[in-house]
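In: Curious how this folds, go ahead:
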Amino acid sequence: SPPSEVVVGRALSDGMRRLFADLGGDGTLLRGGTRRGISLDDALAGKEFVLLYASAHWCGPCRQFTPQLANYYKAMNPQTAGGSGEGGSAVEVVFLSADHDEGSFLSYFSSMPWLAVPYDSDARESLMGFIRVSGIPRLCVLDGKTGRILEDNAVGKPLDVGRW
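Out: I've put the predicted structure just below:
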C-alpha cells in the first residue's frame, strides 16, 4: 500500500494567543474590506510573520504608505487579492487603527486587503502599547510563532521576509 500522507495541523502559538488575549470572547478579527469576522486561530495560525500596522486615515504619511503595504501584501497573498482574507502565505498584516472614531476606522479599513482588530476592542490599545506606538505609520514585524518583535518599525525599510 502507498505511504500515508503526513498532515500537519496549523495551530496558533501560545505567544500569539497571549498578545491577542484582549480580543475577548471568540477572539475575532475583521477581514479586509468587509465587516465580517474571522477567528484568531483561522487568521494567524501557521503564519511565520505577523505585521502589526498602526495607522489612521487622517495621517498623510499613512495614506502614502498604505498603498505600498497593500501592494506587498497582495504579492505575498495572491489568493487574498480578491478579498477572501485567508490563505497559505507566511505573512499576515493586522491593522491597529489610530483613528478618532469608528466611522473613520471603517472607511479607511474598507480599502485594505488585510485583517484588523475591531475598533472597540481592548486588544487594539494593548497591542499598540506592546509595539510602543508613539507615531504613525508604524509597522511592527512579529515572529508568528512566539510573538517576539523582529523589526520594531519596518516603515521606510525593504519589506522582505528574508531580512526578518
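In: For Leu127, which non-adjacent residue is closest in space?
Out: Distances taken as CB to CB, 6 or more residues apart in numbering place Leu96 nearest to Leu127, at 5.5 Å, with adjacent residues excluded. Quick note: C-beta positions are derived from backbone N, CA and C, even for glycine.
In: and that neighbour, how far is that from Cys62?
Out: 12 Å (CB to CB, to the nearest Å).
In: These two: which has the busier surroundings?
Out: Legend: neighbour count by other CB atoms under 10 Å for Leu96 and Cys62, higher for Leu96 (25 against 21).
In: Show the pLDDT at the more buried one.
Out: On pLDDT, Leu96 comes in at 97.
In: Now do the contacts for it.
Out: With contacts defined as CB atoms under 8 Å, 6 or more residues apart in numbering, the neighbours of Leu96 are 52-55, 116-117, 124, 127-128, 131, 133.
In: part of a helix, is it?
Out: No - using DSSP: H, G, I helix; E, B strand; the rest coil, the assignment for Leu96 is strand, not a helix.
In: Okay, now the unreliable bits of this protein?
Out: Applying pLDDT under 70 to the chain flags the ranges 1-10, 25-26, 33, 79-88.
In: Centroid-nearest residue for it?
Out: Val94 (1.8 Å; CA atoms, centre = their mean).
In: Does that one touch Leu52 like I think?
Out: Yes - between Val94 and Leu52 there is a contact under CB atoms under 8 Å: 5.5 Å.
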